[in-house]
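1. pasting the sequence and the predicted model now:
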Amino acid sequence: MPEFQSSRRRTLGRLSGLAATAALPLQTRARPAGEAEEPLRIAVGARSTLYHLPLVVAQELGYFDDENLAVRIIDHAAGAQAVQALAVNGADVCCGAYEHVVRGQLQGQDWRSLVLLARAPQIALMAPGHLRLATEPARIRPLRIGVTAPGSSTHYLASLWLRNAGLAPEAAQFVAVGNGTAAVEALRQGRVHALCHADPVLTLLEQRVRVAVLADTRSLKGTAQLYGGPMPGGCLFAAQSFARQRPRQAQALANSMVRALRWLQTASPADLAQVVPKPYLLGNRSAYLAAFEKVRETMSPDGVMPADGPATALRAVQRMQPEAVAQVRVLLEKTYSDTWALKARAKLERV
């Protein structure tokens, strides 16, 4: 799994801060004074997608450096693997869908979102128009659906579409197709009947294949139609103990990300093209920039969770895992906190 470090990152020897984290118990176990901080390990799935753009911006523009924060970004093939890395202590923080935090409680995980990156999942399900899946979802059995990986957000969204269409998830075979142009070719070559993915892959697909959009969460309207309310998308989440033990890093991370989110609110296509690493453009700069414009409105402006977002996410999980939710009470108040994002916003407003 590749690891990425900012080219602008300076050698660090900063001491841990003892700043309070209001949303957590007052008792902390911060590092003793004089002990150097360990680099912050952030697990991501498919770093080149627009899903992780705020993280890329923060790194490429040196925002982590400005916070004296040493960061190692560990890239996995898909979000499910990034979540697993956090679960087995292979990472300190995960950049992934908020729904993983909610589902994590059902599996005994005690995770909390530190800062929200997107107000929508930013993924979509598409199929060639001639298959007529939009009007006849049951006409192909078994239906092969390409996803980034089993257990990922793309898998989850495709399963939700099946349920909405009156079909059980077992009616489909989910095929891991990876990322980039390989995912597009999987659909073009007929290895899968439908593809659930993120941009810029989706926009590239729309330019190469006549497709029907079966479910689309790349806009706030499309997300509300599918989920019945605001559905939080990507976020940075970690174990509850992370912010207690490493409070300075938690706040520095939030400061960097909220700054990146603010930059994205006004960035021009030319600005973005200068910041994003060339390989992420998939050889099609115009498609990448067009994809960004599609999802721009879903980017969080300030890292704060929408008021009804957690409840919407819980309803979606209840639909997909009714038995598990019936056995375990999900405590939404433990799945996120706006403490760090609000402090980051206040810091930016003072500048």
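-> Structure received.

2. buried set for stretch 86-101?
-> Buried positions in stretch 86-101, judged by neighbour count with 16 or more other C-beta atoms under 10 Å: 86-87, 90-101. In short, each C-beta sits where N, CA and C put it, glycine included.

3. nearest to residue 48 among these?
-> Comparing the buried residues of stretch 86-101 against residue 48 with C-beta to C-beta places residue 95 closest, at 12.7 Å.

4. mind listing what that closest one touches?
-> Contact analysis of residue 95 by C-beta atoms under 8 Å, 6 or more residues apart in numbering lists 42-44, 52, 55, 82, 117, 234-236.

5. now it. Nearest residue, chain neighbours left out?
-> residue 44 (4.5 Å; C-beta to C-beta, 6 or more residues apart in numbering).

6. so what's that neighbour bridging to?
-> residue 75, residue 95 (DSSP bridges).

7. what distance do you get for it to residue 122?
-> Remark: distance between residue 44 and residue 122 (C-beta to C-beta, to the nearest Å) = 14 Å.

8. same question for residue 114.
-> 19 Å.

9. isn't the residue nearest to residue 95 up against residue 81?
-> No - the pair residue 44 / residue 81 is not scored as a contact, 9.7 Å apart, by C-beta atoms under 8 Å.

10. tell me which of the two has more neighbours.
-> A direct count of neighbours by other C-beta atoms under 10 Å for residue 44 and residue 81 places residue 44 higher, at 29 against 22.

11. who's in contact with that one?
-> Contacts of residue 44 (C-beta under 8 Å, 6+ apart): 52, 55, 73-76, 79, 82, 94-96.

12. for the residues you listed, which one is nearest residue 207?
-> residue 52 (21.9 Å).

13. pretty sure the closest one contacts residue 46?
-> Yes - the criterion here is C-beta under 8 Å, and residue 52 meets it with residue 46 at 7.4 Å.

14. how is the protein carved up into domains?
-> With domains defined by automatic domain parsing, the chain comprises 3-120+232-292+300-350, 123-216.

15. how about the ones you listed, which one is nearest residue 222?
-> Among these, if distance is taken as C-beta to C-beta, the winner is domain 123-216, at 4.2 Å.

16. what about residue 203, which SS state?
-> Using DSSP: H, G, I helix; E, B strand; the rest coil, the structure places residue 203 in helix.

17. try the one 10 residues further on
-> When states are read from three-state DSSP, the local structure at residue 213 comes out as strand.

18. need the nearest residue in space to it, chain neighbours excluded.
-> In space, residue 213 comes closest to residue 126 once its chain neighbours are excluded; the distance is 5.5 Å by C-beta to C-beta, 6+ apart.

19. and the one you found, how many neighbours?
-> The burial count for residue 126: 24, using other C-beta under 10 Å.

20. before we move on, what about residue 348?
-> Neighbours of residue 348 using other C-beta under 10 Å come to 14.

21. would you mind giving me the confidence score for it?
-> The pLDDT attached to residue 348 in the predicted structure is 93.

22. and what of residue 267?
-> pLDDT, residue 267: 95.

23. for the protein, what are the low-confidence residue spans?
-> 1-35, 351 (pLDDT under 70).

24. longest helix in it, please.
-> helix 247-266 (DSSP state H).

25. neighbouring contacts of the helix or strand following it?
-> Reading on from helix 247-266 to the C-terminus, the next helix or strand found by DSSP states H and E is helix 269-275. Residues from elsewhere that reach helix 269-275 (C-beta under 8 Å, 6+ apart): 56-57, 60-61, 267, 281, 285, 289, 292-293.

26. give the contact list for the residue positioned nearest the centre of the chain.
-> The centre of the chain sits closest to residue 234, judged by C-alpha atoms, centre = their mean, with a distance of 2.8 Å. Going by C-beta under 8 Å, 6+ apart, residue 234 touches 51-52, 54, 95-98, 116-118, 121-122.

27. that one and residue 117: what is the separation?
-> Relative to residue 117, residue 234 is positioned 4 Å away (C-beta to C-beta).

28. then residue 47?
-> Residue 47 is 13 Å from residue 117, by C-beta to C-beta.

29. next one: residue 183
-> 22 Å.

30. the two - which one has more neighbours?
-> Neighbour count, other C-beta under 10 Å: between residue 183 and residue 117, residue 117 has more, with 29 against 26.

31. quick one: contacts for that one?
-> Contacts of residue 117 (C-beta under 8 Å, 6+ apart): 54-55, 95, 233-236, 257, 261, 299-300, 303.

32. run the last query once more with 10 Å
-> 51-55, 95-98, 232-236, 257-258, 260-261, 264, 298-300, 303 (C-beta atoms under 10 Å, 6 or more residues apart in numbering).

33. repeat that for residue 338.
-> Residue 338 makes contact with 22-23, 113-116, 254, 302-305, 345, according to C-beta under 10 Å, 6+ apart.

34. residue 327: which of those residues is nearest?
-> Of all the contacts of residue 338, residue 327 sits closest to residue 113, with 23.2 Å by C-beta to C-beta.
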